[in-house]
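Engineer: No letters, just coordinates:
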């Protein structure tokens, strides 16, 4: 197992940067990206415009958050901590019943 002392996990401060990092990772994982697109109904040609939509960014983060092995694979590849992904997801997701902000 590799030590994290030399390469500590980053806690990305900006939720948008975290979401864009997720998109970059997904784009390099064709099977995973295809699965994400199939679940969302977004066409590959629509992604460029969709990244300007907070709901799309939140959906990408939810995609990771709802499957721990995928989340951990992203975190391992990117060096971004799971906590940073969770914080970005909370920031970009609209308020709902679970948040108490309705």
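Structural biologist: Everything's here; your move. Small disclaimer: the values here were computed from a predicted structure and weren't measured. Residues are numbered from 1 along each chain as shown.

Engineer: Could you give me the buried positions within stretch 74-93?
Structural biologist: 74-75, 78, 80-81, 84-85, 87-89, 91-93 (16 or more other CB atoms under 10 Å). Where C-beta positions appear, they are placed from N, C-alpha and C, glycine not excepted.

Engineer: any weak-confidence spans in the protein?
Structural biologist: Residue ranges of the chain with pLDDT under 70: 1-13, 96-102.

Engineer: Would you state the strands of it in chain order?
Structural biologist: For the chain, strands defined by DSSP state E do not occur.

Engineer: Can you tell me which residue is spatially central in the protein?
Structural biologist: residue 61 (3.2 Å; CA atoms, centre = their mean).

Engineer: Residue 87 reaches residue 15, doesn't it?
Structural biologist: Yes. Between residue 87 and residue 15 there is a contact under CB atoms under 8 Å: 7.0 Å.

Engineer: returning to what we had before: among the buried residues of stretch 74-93, which are located in helices?
Structural biologist: 74-75, 78, 84-85, 87-89, 91-92 (DSSP state H).

Engineer: right, and out of these, which lies closest to residue 41?
Structural biologist: Using CB to CB, residue 92 comes nearest to residue 41 of those, at 18.9 Å.

Engineer: ok, now how distant is the residue nearest to residue 89 when sequence neighbours are not counted from residue 80?
Structural biologist: Leaving aside its sequence neighbours, residue 89 sits nearest to residue 61 (CB to CB, 6 or more residues apart in numbering; 3.9 Å). Distance from residue 61 to residue 80, counting by CB to CB, to the nearest Å: 11 Å.
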